[in-house]
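**Q** Compute the structure for the input listed below.
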Amino acid sequence: MNSRRRKPTEDNRTRYFNPEGVTQIDEPSKSGIVSIETKEKKERALLIGLTLKGQSRSTTEEHLTELALLAETAGNEVIHSESQARERIDPAYYIGKGKCEQLKGIAAELDIDTIIFDDDLSPGQARNLEKVLSKRIIDRTGIILDIFARRAQTAEAKIEVELAQLNYLLPRLTRHWGHLSRQAGGGVYLRGPGETQLETDRRAVRERIANLRKKLGGIERSRATQRKKRSEMPVAALVGYTNAGKSTLLNAITQAGVFVEDKLFATLDPVVRCYENDAGKKILFTDTVGFIRKLPHHLVASFKSTLEEVISADLVIHLADVSHPFYMEQMEQVRQILTEIGAGSRPVMTVFNKVDLVRSDAALEMARSRFPEANFISALRRIGLEKMLRDISDRLFSPPLNGKIILEPERAAEWEQRFSDIQVIARDYVEDKVVIKFTALPKYKNSLYEFAGTGNIFFDL
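**A** Got it, this is the predicted structure:
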């Protein structure tokens, strides 16, 4: 088992609610809101990750670093982290009972309050771990849900987060809510009616879920009406891994005044701002919630109305932090979530942010060679913004170029990476060839001819 010690943070981050810190829980109001008073107390956290077969130790270390940021954003003080190499996840204890016994000694020695796992735990795993370790057990989804609950500001975001919480809690209900708070880690998990019969709890949760879904249905209809009213202007949706700099970019483009903080999920609520280019044409830019590895499905489903801004956008601007050592992995996570929410076929423009933070010229050149059509900017220092905005205007206002390209299978994969900004309309297999129908900007015509070769590409008249 590999381990590393982490210096206690001096940051006064948001508190993480816990049963010992709760001094009063009011009965839920008609709106479903429960007021909670807390004492100031940071949880001392121990982080746990697995290196499974086929995964490198450096990847596990990077995942634990991200988990530490999540834990600190939720108000925990990260004291220590542990990683273990395993063939597969243990179905009963996640890390195996023997390792649990080792962790028990480490947790006692370091006076740990909370143990946070970098994967989702089944209800059975959480119970078994709590029984052996006698500590508060939180999984990755639990910590993300807690952060979202703290960040939600508007009524819509609060409804979306509560719906995700309840869907997460429903299969984990045991005997009464008080026990659940100890099992899941407190905080957002204490918004219940107190100790009741299990079936009564479940029925109450299901009724609340149905009520919240009804409210969200009304919000979705209202948002659809708003989008229809502004349909005369093209919409560019900013998406990206959390902390990629979307809000900073929106502020740089439109002077939106959006809250910016160097933390994960600094903003949740969608923001729409208007930009007018030099030709007097207007573009609506939208900034939505940031994505992250293993984003809980409950959150994706609950934030459907918010993410509709992406699904209906005329152009999706995929913003990536090129200074991050694992930016390629982060980009792939964003692509997967876009596909999951139904936005995988939208036109995408790749923009790499934070070029001023890249320490190696070679690393930046490698990114440029991988993505020759991408824009490279620094939203904070306003580097490359003018070219990026011209390219966005070209994408939104220039007539599209439609065509098809015929490639060998191995060349098709290379084409899709190099021309990732081109919208694929259809993909077919004819004998041993891949036929891709696409829509592209006129500026790509020469590059496409050079890549495909004579007789392998055809443009519509």
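**Q** C-alpha only now, for contacts and for neighbours.
**A** Will do.
**Q** quick one: residue 68 from residue 239, how far?
**A** According to Cα to Cα, to the nearest Å, residue 68 stands 23 Å off from residue 239.
**Q** Tell me which of those two has more neighbours.
**A** residue 239 (27 against 24; other Cα atoms under 10 Å).
**Q** What about the more buried one? Give its phi and psi, please.
**A** phi -130, psi 160 (degrees, to the nearest 10).
**Q** Surely it touches residue 313?
**A** No: Residue 239 lies out of contact with residue 313 (Cα atoms under 8 Å); the separation is 11.0 Å.
**Q** Find the centremost residue of the protein, please.
**A** What sits nearest the mean C-alpha location of the chain, by Cα atoms, centre = their mean, is residue 291, with 1.8 Å.
**Q** The residue nearest to it when sequence neighbours are not counted and residue 341, how far apart?
**A** Leaving out its chain neighbours, the residue that sits closest to residue 291 by Cα to Cα, 6 or more residues apart in numbering is residue 241, at 4.6 Å. Per Cα to Cα, residue 241 is found 15 Å from residue 341.
**Q** repeat for residue 406
**A** Between residue 406 and residue 341 the distance is 29 Å, computed by Cα to Cα.
**Q** Compare those two and say which one has the larger neighbour count.
**A** residue 406 (21 against 16).
**Q** Let me know the helix or strand that the more buried one is in.
**A** strand 401-407 (DSSP states H and E).
**Q** List of residues touching that strand?
**A** The contact list for strand 401-407, computed with Cα atoms under 8 Å, 6 or more residues apart in numbering, reads 433-442, 452, 456-460.
**Q** Drop anything exposed from the residues you listed.
**A** Using 16 or more other Cα atoms under 10 Å as the burial test, the contacts of strand 401-407 include 434, 435, 436, 437, 438, 439, 440, 441, 452, 457 as buried.
**Q** Please tell me I have it right and the fifth one contacts residue 426.
**A** Yes: between residue 438 and residue 426 there is a contact at 7.1 Å, judged by Cα under 8 Å.
**Q** Would you mark the buried spots in the longest helix along the chain?
**A** Ranked by residue count and defined by DSSP state H, the top helix of the chain is helix 198-229. By neighbour count on 16+ other Cα under 10 Å, the buried set for helix 198-229 is 201, 202, 205, 208, 209, 212, 213, 216, 220, 223, 227.
**Q** Adding pLDDT, write those out as CSV.
**A** Output for the buried residues of helix 198-229, formatted as CSV (pLDDT from 0 to 100):
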residue, pLDDT
201, 80
202, 84
205, 88
208, 92
209, 91
212, 91
213, 89
216, 84
220, 77
223, 74
227, 67
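**Q** now, which of these sits nearest residue 420?
**A** Minimum distance to residue 420 across the buried residues of helix 198-229 is 27.1 Å, recorded for residue 227 (Cα to Cα).
**Q** CA-only coordinates of stretch 390-408 in PDB, if you can.
**A** The C-alpha trace of stretch 390-408 is given here as PDB (Å, rounded to 0.1, in the frame of the first residue of the first chain):
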ATOM      1  CA  ARG A 390     -13.100  35.800 -35.000                       C
ATOM      2  CA  ASP A 391     -13.100  32.000 -35.300                       C
ATOM      3  CA  ILE A 392     -16.300  31.800 -33.300                       C
ATOM      4  CA  SER A 393     -18.000  34.400 -35.500                       C
ATOM      5  CA  ASP A 394     -16.900  32.400 -38.600                       C
ATOM      6  CA  ARG A 395     -18.300  29.200 -37.200                       C
ATOM      7  CA  LEU A 396     -21.600  30.800 -36.500                       C
ATOM      8  CA  PHE A 397     -22.100  33.200 -39.400                       C
ATOM      9  CA  SER A 398     -20.200  31.700 -42.400                       C
ATOM     10  CA  PRO A 399     -22.200  29.300 -44.700                       C
ATOM     11  CA  PRO A 400     -21.200  25.700 -44.000                       C
ATOM     12  CA  LEU A 401     -19.300  23.400 -46.300                       C
ATOM     13  CA  ASN A 402     -20.900  20.000 -46.600                       C
ATOM     14  CA  GLY A 403     -19.100  16.900 -48.000                       C
ATOM     15  CA  LYS A 404     -18.000  13.400 -47.400                       C
ATOM     16  CA  ILE A 405     -14.600  11.800 -47.000                       C
ATOM     17  CA  ILE A 406     -13.500   8.200 -47.700                       C
ATOM     18  CA  LEU A 407     -10.700   6.800 -45.500                       C
ATOM     19  CA  GLU A 408      -9.000   3.600 -44.300                       C
END
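**Q** And that stretch, how far out from the chain middle?
**A** 28 Å (Cα atoms, centre = their mean, to the nearest Å).
**Q** in it, what counts as buried?
**A** Buried residues in stretch 390-408 (16+ other Cα under 10 Å): 391, 392, 393, 395, 396, 401, 402, 403, 404, 405, 406, 407.
**Q** start to end distance for stretch 141-159?
**A** End to end - Cα to Cα - stretch 141-159 spans 17 Å.
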